[in-house]
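**Student:** No sequence on hand, only this structure:
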């Protein structure tokens with residue numbers, strides 16, 4: 001029902017109008033009546049009626065003055081005039097006040113009902129236009145907010161100017177510090193299901209809006225306020241407000257999971273350090289971008305805190321020789337050698353300052369992640385080892401860093417070994433086991449062929465085809481891998497090691513070992529023990 005305020009100083013006219021309204025059948029009811037201007041303005045302010053009927057000649061002021069006072073605050077409420085004065089000047093003034101109608105006394109019920117209908121139509125039109133304006137504002141505001149956010153993060157305009165506009169949208173009012181920036185890099189899928197392709201490229205919202213929605217939902221689930229913007233087709237930036245470090249990590253993990261499930265896309269996410277003021281956000285944005293751009297080094301679908309790449313830029317010249325050896329053994333999948341080196345390495349690191357420990361272990365983790373990323377089969381098996389940099393960034397004490405990294409290296413080494421063995425027929429697995437078990441003997445190709453019940457020529461061709469290495473290459477590699485493991489045991493003499501791996505002449509073993517590793521057995525021990 002539309003509420004009507006009647007303003008007229010004649011009692012009988014007010015009662016007659018009430019009766020007409022009641023008999024009209026319109027969705028109009030009399031909410032209040034007033035006999036003077038002061039009461040009318042008070043009732044308008046207190047009750048805000050949907051429409052107002054005004055007499056012009058009132059005891060204390062003109063109805064036109066009342067209308068002028070109302071129009072200074074309100075341009076929408078329909079105004080109707082009912083007067084005994086058929087004055088052109090009054091009519092013009094009423095028109096200037098956007099009056100719906102100008103009725104003369106005595107008014108007929110038909111004219112009065114028609115005027116009320118026009119007032120109803122005015123209200124309906126205004127409300128419809130208001131809803132459309134709200135819809136236009138809401139539909140354009142996200143894009144406008146995105147542009148402003150990028151203006152701030154990328155310093156495209158003065159920060160103070162952009163912040164004023166963002167304040168107008170309530171961005172920094174609804175979520176305060178700390179602020180964290182996430183840079184999300186969508187990776188191109190190798191294979192994408194038709195349904196996922198349809199959702200990604202044909203979604204009514206568009207991939208950008210869907211990604212933003214996923215980010216907001218993930219951030220909300222993590223207890224943070226999020227604002228997103230599209231930097232490019234495959235790069236999205238997300239600003240988290242009022243988010244702790246853990247909340248930012250959870251948001252990143254949930255964004256990655258949601259993108260994988262909904263868009264069938266992998267996403268790498270760089271995380272900035274938290275900042276306390278909006279003015280610091282451009283620097284935070286640069287940190288997030290730098291972290292995300294390291295995905296080519298550490299592997300895809302990773303969450304990369306800026307602290308990790310800051311702690312240790314990937315530069316092999318900074319690695320100690322012993323750590324390089326450990327990486328070599330991890331790459332080879334030699335568990336025993338990795339264990340032996342880790343045991344001594346951990347003891348040496350335990351005596352270093354925390355900052356130096358973090359630098360060394362982070363560098364090593366970056367290199368090992370590179371090993372994982374460079375081998376597709378290993379990468380697939382080691383996906384359960386996601387986020388080692390994120391895990392490492394949470395640790396604050398040297399011993400826990402060393403413990404975590406040691407366990408991580410052992411697991412990756414196992415993945416490397418399993419990935420190498422996976423897909424090789426059981427018959428050739430037995431062949432590789434036989435070679436490792438017969439290093440001390442004259443385990444030549446003919447002996448293996450007799451064991452495998454194959455001709456030496458066929459065995460040689462199939463071994464190379466199945467394992468990717470010739471029989472001689474594999475046997476040589478295994479000999480020296482085993483030799484390195486044994487040399488790490490100081491209780492064994494070099495001659496004993498040489499004999500175990502199939503060298504009867506110690507001098508020849510030393511020459512061959514140096515040719516293969518670049519060091520003599522004695523130099524190897526001096527360097528790595």
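**Tutor:** All right, it came through fine. As the structure is a computational prediction, the values presented were derived from the model and not from experiment.
**Student:** Count the residues that sit near residue 239.
**Tutor:** 28 (other CB atoms under 10 Å). Glycine gets a C-beta too; all of them are placed from N, C-alpha and C.
**Student:** Could you list the low-confidence segments of the stretch 151-300 of the chain?
**Tutor:** Scanning the stretch 151-300 of the chain for pLDDT under 70 picks out the ranges 168-175, 188-212, 222-224, 296-299.
**Student:** how about 90 then?
**Tutor:** Within the stretch 151-300 of the chain, the segments meeting pLDDT under 90 span 151-179, 184-269, 275-281, 286, 289-300.
**Student:** In it, mark out all the helices, start to finish.
**Tutor:** Secondary structure of the stretch 151-300 of the chain (DSSP state H, counting those that start in this stretch): helices at 159-168, 171-174, 194-202, 206-221, 245-263, 281-292, 295-298.
**Student:** ditto for the stretch 1-150 of the chain
**Tutor:** 11-24, 37-47, 63-71, 88-96, 109-153.
**Student:** got it, and the stretch 301-450 of the chain?
**Tutor:** All helices of the stretch 301-450 of the chain, identified by DSSP H, counting those that start in this stretch, fall at 306-311, 321-332, 335-349, 354-374, 376-381, 388-394, 398-421, 426-437, 445-452.
**Student:** average pLDDT across the first one?
**Tutor:** Taken as a whole, helix 306-311 has a mean pLDDT of 74.
**Student:** How about the last one?
**Tutor:** Mean per-residue pLDDT for helix 445-452: 84.
**Student:** do the same with the third one
**Tutor:** For helix 335-349, the per-residue pLDDT values average out at 70.
**Student:** Can you give me the neighbour number for the spatially closest residue to residue 346 that is not a sequence neighbour?
**Tutor:** Once flanking residues are discounted, residue 346 sits nearest to residue 402: 5.0 Å by CB to CB, 6 or more residues apart in numbering. Using other CB under 10 Å, residue 402 is surrounded by 22 other residues.
**Student:** what's residue 402 in contact with, if anything?
**Tutor:** By CB atoms under 8 Å, 6 or more residues apart in numbering, residue 402 lies in contact with 346, 349, 350, 357, 361.
**Student:** mean pLDDT lowest for which of the helices of the stretch 301-450 of the chain?
**Tutor:** helix 376-381 (a mean of 47).
**Student:** that older thread, of the helices of the stretch 1-150 of the chain, give the one that comes closest to residue 456.
**Tutor:** helix 109-153 (66.3 Å; CB to CB).
**Student:** Lowest average confidence across the helices of the stretch 1-150 of the chain, which one?
**Tutor:** Among the helices of the stretch 1-150 of the chain, helix 109-153 scores lowest, at a mean of 78.
**Student:** quick check, distance from that one to the centre of its chain.
**Tutor:** Taking CA atoms, centre = their mean, to the nearest Å, the mean C-alpha location of helix 109-153 is offset from the chain mean by 34 Å.
**Student:** Would you tell me which one of the helices of the stretch 1-150 of the chain is buried the most?
**Tutor:** helix 63-71 (a mean of 20; mean count of other CB atoms under 10 Å).
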